[in-house]
Every structure is written in structure tokens, then in C-alpha cells.
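Asks: Return atomic coordinates for the entry below.
(one chain, ligands or ions: 2)
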Amino acid sequence: MGIYSTLTSIEGELHKCMKCGNCQAVCPIYKETRHEVGVARGKISLVEALLSGETEMTEGLSERFSLCTTCMACNANCPCGVRFDRIILAARAEAVRQKGLHSAKAIAFGALKRQGLFDLGLKVGSVFQGVALKRIPGRKSGSRLRFEVGMGQTKVFPNLAKRTLRSELPEIVRPAGTAKMRVAFFTGCMINYFYTDMGKAVVEVLIENSLEVVIPNGQGCCGIPASVNGDVESARVMAKRNLREFENMGADALVVACSSGGSAWKHVYAELLSDEPKWRALAEKWAEKSYDIAEFLVDRVPFKEEGLGRVERKVTYHDPCHLNRGQGIYAEPREMLKKIPGLELIEMKEPGRCCGMAGSFSLTHPELSDQILERKIQDIAQTHTDTVATGCPACRLQLASGVENADLQEDVVHIVQILAESYRAGKLEPRV
Ligand code: SF4
Ligand code: SF4
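Replies: Ligands and ions are numbered 1, 2, ... in the order given. Sure thing, here's the model as predicted:
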């Protein structure tokens, strides 16, 4: 039985912990709260007490398990190799099994399971978003909540796209001439509903590299918001839907431009479905051919450098936790950026430190999320760049919000948008 099915599955991880406290030095929650319960060691002790029967699962305990951005910094700094990410996911799943899911989350994940209904809801939302959100004067995009609903009013949200990416693009996009291979694009929700510019950049770059792009219409949420909040059953429904849709369309490879989506395809689906051999085999098959877009364009099908034009940007790169520590993708985005003519890459202090987004964490713990973000924004300001690039739409949202609130003049984009910009610039440059 896997980590999503039973708490006893992580006993081995618990036994590895020698309570040294090394995790304190890197935990973004502990840095802000200075409470032992914020750090991996404190939560490990709580899970041990739960398993030994010393304590029971209560609302308070479940709330403590929510105090984690799942950034995996503790994993990386642990001398004993404790996989705390597995412990926290198992603990949250156990909390939901015993205490149920918060009603707001139950409604949200219930809607995500019914993709048609969710699409309709967001379509209506895109028309009426002005009722709840107030646009920031002088900005093309970005709004703040008009009312306080327990999420604070400082966060700057991107506007919902008038048309979703998947409704704008055909299901199959073919390059001129013979395609080198067929690549499936898993868009994820944020790119589909908010950041359609990122999704279009992904398709543009793949087509530029003579690849056929398949974007299955029936795909939906990756399921990560549900799985990290302990709603394992909803996450399984979403995982199966995506596996079914992509298997039906078929492809040589699958690309993702979102760090959570990439983790879902590479690691989470097989774990979620570990008790169902047929589904697990399908998940493993797709995990083998799933790539983050930077990884794909650098390691799998090296992107063509011919045709790249000058992009005069000073760029600093923020590593998304689930791309860097979750998937080991650190070098590829930098390699990509360094090959773009005219671009200057300036590293910030601790580019791998969590930005505080962590999906619903930023909504349920807005003040803590903002405090973590503030440190990141200070590091960005010190680079004196004009662009912050990252590899995940959720980090883009968080960083854009921080940049706006700090009044920094920085574009916040996904790296693939800069690559697309470079190909566009190349077409305008005179040929020699
Ligand atoms: S660093 Fe690892 S071994 Fe040390 S307390 Fe944290 S989780 Fe336990
Ligand atoms: S995953 Fe990140 S936030 Fe959670 S305990 Fe570890 S270091 Fe802290």
C-alpha cells in the first residue's frame, strides 16, 4: 500500500530521522514562525505520536500538517535522507480519511473532477470577475480582491483569460514539413485558464522545432491540488482521466510547463494508483516519456539555435521547488537562457528558495505566504534585472504579485516565453 493509502507506509521514513534539526536551517515556515511545529522534525514527532496512539487526529493536528509549502528544502538538507515530502502527503491523506475535507476544498475539488462544469464556471467567472476583483490601474493585467474573504487583499491575481488555451488552439498543431516527432502538451489549469500566453509560447517553440503538438481537449486538472490536500480519491479520478485522454491520443513524448504538472506525470500518478496494477502500469509508461519543457528542449530534442534573435533582457531565474528539488531540473533552464543572444543571466541569492506560493497554501495562509515571498522579492531587487524568469505558472503568479506590491519594474515570465521571443526576434533580423 502506498503513501496515499495508509499512514503506516511511511514508518520507514520516520525511523530514519535522528532529530538533528538540520531541517530548521532551510525551512521557509520555520524561518518565519520559529515554531518547532513549522519544521519537518516537529511534524515528524507529531506523526510518530499519532502512529503510537499517544495522540489522536484532531482539527488542530490537521491544521499543523497544513503548515508546510512542500518545498522539499528539508529533504535536500537532511543528513539521513528523510523524504519528508512523503511523510507530509501521507499525514494529510490520513487527516482527510479521519476528519474529512474542509468544505471549501471539497467544493473546489468536486468541481475540478467535472471538467465541463469547471470550464463553464470559469467562463462565467471570466465575464464577471470584475465583481470580486478590482483591476490595478495602469496595468494590462492583474487584480486584487475587492473584499476580504480570509485570503488577505494584497495578493495580485492574473485575470482569467476570455478564452481558455484549449478552446483557442486546435487539438493537433502541425509544423510546416515533416514533423520530427509527436509531442503531447499537458497544459495544466493555470496555463489553460490564466496564462494562455505561456501555453502559446510552448506550442510556438515546439512548432519552430518541427514537432507535431497534440493538446487533448479532454485533459483536466493534474490532481496535485487534491493530492497535496489529502483528497486522494479526487486526485485518483483526475489522474485516470488524464492518463486515459493522453493514451487515446498517443504521443512519443509529453511536455509540461508547470512544475506541479510535471511532478504529477513523473512521480505522483504511479504512486496514487499503486494499488491498481493496470493503471499503475499506464502511469509508469507515461512517466517514462514525460518532460518539463526546458528538460525536453535541452536534453531530449535540443532546440535549434539557428534563427534565435537578440533579446536584450537582464534576467534572473527563480527555481520552482517542484522542478529543482522535485525533478532535479536546475541546469537546463540556465542552459536555455545562456544560449539566447543578447540576454544576460544574473543569479539571485538563493534562487532555489521557496517563493511561498505552494498552491492553496498561499490562500489558506496568506500572511505567511507573503512573508516568505518578501524575502524572495528582496533577493530579486538586489539583482537589478528587468526580468524574472521561472519554470512554473504558480511561481509566476506569486512572483508577479510580489513584484507589483514592491513596485519593482520587472517582467515576470516563463523561460519558454523568452525563447519564443528570441525566435520571433530572429525572424525580424536581417540575414547575413
Ligand atoms: S534534518 Fe532530517 S534527520 Fe534531521 S531532524 Fe530534520 S528530518 Fe530529521
Ligand atoms: S517541505 Fe519545506 S516548508 Fe515543509 S517542512 Fe520541509 S522545508 Fe519546511
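Asks: need the contact list for the nearest residue to G223 once chain neighbours are set aside.
Replies: The shortest distance from G223 to any non-neighbouring residue, by CB to CB, 6 or more residues apart in numbering, is to M238 (3.5 Å). Any C-beta I mention is one placed from the backbone N, CA and C, and that applies to glycine too. Residues near M238 by CB atoms under 8 Å, 6 or more residues apart in numbering: L112, K113, G220, C221, C222, G223, A226.
Asks: ok, the last one - how many residues close by?
Replies: The reference is to A226. 28 (other CB atoms under 10 Å).
Asks: Which element is encountered next along the chain beyond the helix or strand where it lies?
Replies: In this structure, A226 sits in helix 224-228 according to DSSP states H and E. Next in sequence after helix 224-228, counting helices and strands by DSSP H and E, comes helix 232-249.
Asks: Flag every buried residue along that next one.
Replies: Buried residues in helix 232-249, counted by 16 or more other CB atoms under 10 Å: 232, 234-243, 245-246, 249.
Asks: pLDDT for those - can I get that in TSV?
Replies: Converted to TSV, the buried residues of helix 232-249 look like this (pLDDT from 0 to 100):
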residue	pLDDT
V232	96
S234	95
A235	96
R236	97
V237	96
M238	96
A239	97
K240	97
R241	96
N242	97
L243	98
E245	97
F246	98
M249	96
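Asks: Next, R182: phi, psi?
Replies: phi -100, psi 120 (degrees, to the nearest 10).
Asks: need the contact list for the closest residue to ligand 2 within the stretch 101-250 of the chain.
Replies: Here the stretch 101-250 of the chain gets closest to ligand 2 at one residue, V228, 10.8 Å apart by CB to the nearest ligand atom. With contact set as CB under 8 Å, 6+ apart, V228 has these partners: T70, L89, R92, G359, S360.
Asks: Give me the phi and psi angles of A406.
Replies: phi -90, psi 0.
Asks: what about it, distance to ligand 2?
Replies: 23 Å (CB to the nearest ligand atom, to the nearest Å).
Asks: measure that residue to V388 for me?
Replies: A406 sits 12 Å away from V388, going by CB to CB, to the nearest Å.
Asks: Quick check: next helix or strand after the helix or strand harbouring G199?
Replies: Element membership of G199, judged by DSSP H and E, is helix 196-208. Using DSSP H and E, the helix or strand that follows helix 196-208 in sequence is strand 212-214.
Asks: what about the strands in this protein?
Replies: Listed in chain order, the strands of the chain (DSSP state E) span residues 133-135, 143-145, 172-173, 182-186, 212-214, 253-256, 290-292, 314-317, 344-345, 387-390, 411-414.
Asks: Buried deepest among those, which one?
Replies: Across those, averaging neighbours per residue (mean count of other CB atoms under 10 Å) puts strand 290-292 on top, at a mean of 26.
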